[in-house]
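Test case, fold it:
(one chain, ligands or ions: 1)
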Amino acid sequence: MGAAKALTAPQILARKGGERLVTVTCYDATFARLVEASGVDLVLVGDSLGMVIQGQASTLPVTLDDVVYHTRCVARGLTRTHLVADMPFLTYQVNDEEALRNAGRLVVEGGAHAVKLEGGERSAPAIRRIVDAGIPVMGHLGLTPQSVHQFGGHKVQGRSEAAAERLLADARAIVDAGCYSVVLESIPAVLAARITAEIPIPTIGIGASAHCDGQVLVIYDLLGLDDGFAPKFLKKYERLSDRVRDALSAYTREVREGTFPDDAHSF
Ligand code: KIV
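Below is the predicted model:
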């Protein structure tokens, strides 16, 4: 019997309108093994690592080397799960050749099966260049965090009719450029439904309602590791921050009082 094969980009494309695509972010091998055991379809090494791993205020300072490193770590924990790596700010906007070279590093050095990049019409030439070289590209529209300063904060996008039309045009542009899927972030439910109905590739929502073909969340957010982060779109499936604090307090107490290590944990 051969090794288990990872879900491929064409298989994900074929899920359009079918079984919903479950996606989480991941940044290390230990969580990657847990994620794979849970039956998730796709793992994204997101540039959200700037916030949740590095403690930065935004995704902007994340480098390509950072994402290559974390993608390599995650790849070691996966066999069947489709692995997507995020292209950080300024790794695909400067010119299309650089975009291809940088996407290639995420695949060759990181072990990613696909890359994700933000933007619609303006990113279409870079998407086409990367896809033409044989690398699947996932798009990202709506609240694209690398444009946070242009948006004036993390705000819901596409609320006006004009903005909704622009997002639809962006969605069509990245489909034409060759994307096999797209993340829709923080847009109204009716717009998510409209885009999902109109384009032939799976939409993966975050803050974009149940009308998408799939869903993505940041793993630390859904596990409840940050007490202070509670946006409307987020459902916390656990309160791990409480459990981590409790475990560490118990450890601290037992070491101080001399009850750990006991005989059972000594040689
Ligand atoms: O960086 C990231 O984690 C993302 C997802 C939230 C879609 O882009």
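
how many neighbours does the residue of the chain at minimum distance from the ligand have?
Closest residue of the chain to the ligand, C-beta to the nearest ligand atom: residue 46 (2.2 Å). All C-beta spots, glycine's among them, are computed from the backbone N, C-alpha and C. Look at residue 46: counted by other C-beta atoms under 10 Å, it has 29 neighbours.

doesn't residue 23 make contact with it?
No: proximity of residue 46 to residue 23 does not meet the contact threshold set by C-beta atoms under 8 Å, at 9.9 Å.

ranges for the helices of the stretch 51-200 of the chain?
Along the stretch 51-200 of the chain, counting by DSSP state H, counting those that start in this stretch, helices occupy 64-75, 96-108, 124-132, 148-151, 161-177, 189-198.

State the distance from residue 182 to residue 173.
11 Å (C-beta to C-beta, to the nearest Å).

about what we covered before: quick one: contacts for the residue of the chain closest to the ligand?
Residues near residue 46 by C-beta atoms under 8 Å, 6 or more residues apart in numbering: 25, 59, 86, 116, 218.

hang on, the earlier thing: so between residue 182 and residue 173, which is more surrounded?
A count of neighbours by other C-beta under 10 Å puts residue 182 above the other of residue 182 and residue 173, at 28 against 20.

and the gap between the more buried one and residue 192?
Distance of residue 182 to residue 192, computed by C-beta to C-beta: 11 Å.

same deal with residue 12?
Going from residue 12 to residue 192 by C-beta to C-beta gives 18 Å.

can you list the domains in this protein?
Here the domain assignment for the chain is 9-236, 240-267, based on automatic domain parsing.

Local confidence estimate at residue 3?
Residue 3 is assigned 56 on the pLDDT scale.

what's the answer for the one 5 residues further on, then?
At residue 8, the predicted lDDT confidence score is 98.

again, but for residue 202
Reading off the model, residue 202 has pLDDT 98.

dump the residue contacts of it.
Here residue 202 is in contact with 12, 13, 15, 16, 21, 180, 181, 182, 212, 213, 214 (C-beta under 8 Å, 6+ apart).

how many other residues sit next to the nearest residue to the last one once chain neighbours are set aside?
Leaving aside its sequence neighbours, residue 214 sits nearest to residue 21 (C-beta to C-beta, 6 or more residues apart in numbering; 2.9 Å). Here the number of neighbours of residue 21 (other C-beta under 10 Å) works out to 23.

what's the answer for residue 169, then?
When counting by other C-beta under 10 Å, one arrives at 11 neighbours for residue 169.
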